[in-house]
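K.L.:
fold the following, please.
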Amino acid sequence: MDYFTNSLSGAFALIISFDPTIYQIVFTSVAISVTASFIAAALAIPSGVAMALNQFKGKAFLQHILNTLMAMPTVVIGLLLYGLFSRLGPLGQFGILYSPIAVIIAEAVLIFPIMMNLAITAVNSADSRLVPTLVSLGARPFPLAIQVIRATRYAMLAAVITGFGRAIGEVGAAMMLGGNIAGSTRTMTTAIALETSKGEFELGLALGLILLLIAFILNISLSLLNRPAHD
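P.N.:
You can find the predicted model right below:
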């Protein structure tokens with residue numbers, strides 16, 4: 001018990017003292033996850049809205065694929081991308097492997113189906129009169145999609161926050177594709193795994209506490225966003 005108490009005290013000391021090693025890792029992790037979330041949202045939300053607003057052959061099958069991708073283990077995604085980015089892979093010539101770009105792509109691929117599914121749910125859960133009213137007013141497909149996104153903006157923002165939360169907690173694909181390089185691809189999760197294995201429990205615990213704080217902030221944000229939807 002003394003060991004854990006002392007480690008917890010040391011972890012708080014590292015956080016309060018603004019240890020540069022810790023906050024460089026935090027900055028790297030947040031920057032990578034924010035970039036991945038922005039890229040994924042820019043693709044997933046329009047795709048989800050378009051899928052929800054249109055009927056086409058194979059829509060149910062596409063939904064099954066999205067559901068499958070949401071449940072896919074991250075190491076499988078990491079393995080597939082590793083094959084693409086490795087020196088002998090089709091994209092090896094670009095030197096993406098073991099760079100922040102590789103981790104950003106991995107996290108974006110990971111959270112894309114999550115965001116898209118949540119966007120579809122947001123549109124399907126909106127007021128049933130919304131789309132017919134817009135169509136009756138002469139809204140064309142693109143303006144229609146824009147108005148639907150505006151009407152469901154809180155749910156869309158919640159989808160982005162959910163995706164960011166999933167991205168910042170990623171470890172498997174980030175470790176495989178980033179290589180856990182200090183100052184470059186070392187995120188909070190990969191650093192926790194490394195430091196704990198090295199016996200640096202205080203540093204790993206400090207990063208874990210910051211990660212928990214970020215998760216808490218995200219949950220509070222989601223709760224606040226859900227309030228307008230029910231008012």
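
K.L.:
show me the shaky parts of this structure.
P.N.:
Within the chain, the stretches with pLDDT under 70 are 1, 137-139, 227-231.

K.L.:
in it, where's the longest helix?
P.N.:
helix 20-53 (DSSP state H).

K.L.:
and the angle from the next helix-or-strand element following that helix to helix 20-53?
P.N.:
Using DSSP states H and E, the helix or strand that follows helix 20-53 towards the C-terminus is helix 59-71. Angle, helix 59-71 to helix 20-53, by axes from the mean of the first three to the mean of the last three CA atoms, to 10 degrees: 170 degrees.

K.L.:
helix 59-71 packs against which elements?
P.N.:
In terms of contacts (3 or more CB pairs under 8 Å, 6 or more residues apart in numbering; DSSP states H and E), helix 59-71 is packed against helix 100-125. Every residue, glycine included, has its C-beta placed from N, CA and C.

K.L.:
report the buried residues of the longest helix of the chain.
P.N.:
21-22, 25-26, 28-30, 32-33, 35-37, 39-41, 44-53 (16 or more other CB atoms under 10 Å).

K.L.:
can you give me the offset of it from its chain's centre?
P.N.:
5 Å (CA atoms, centre = their mean, to the nearest Å).

K.L.:
what's it packed up against?
P.N.:
Packed next to helix 20-53, using 3+ CB pairs under 8 Å, 6+ apart, are helix 100-125, helix 141-151, helix 153-168, helix 188-197, helix 201-230.

K.L.:
pull out the buried positions in the first one.
P.N.:
Along helix 100-125, these residues count as buried under the neighbour rule (16+ other CB under 10 Å): 100-120, 122-123.

K.L.:
then the fourth one?
P.N.:
Of the residues in helix 188-197, those buried by neighbour count under the rule 16+ other CB under 10 Å are Met188, Thr189, Thr190, Ala191, Ile192, Ala193, Leu194, Glu195.

K.L.:
how many neighbours does Asn180 have?
P.N.:
19 (other CB atoms under 10 Å).

K.L.:
how about the contacts made by it?
P.N.:
Neighbouring residues of Asn180 by CB atoms under 8 Å, 6 or more residues apart in numbering: Ala174, Arg186, Thr190, Ala191, Ala193, Leu194.

K.L.:
lovely, talk soon.
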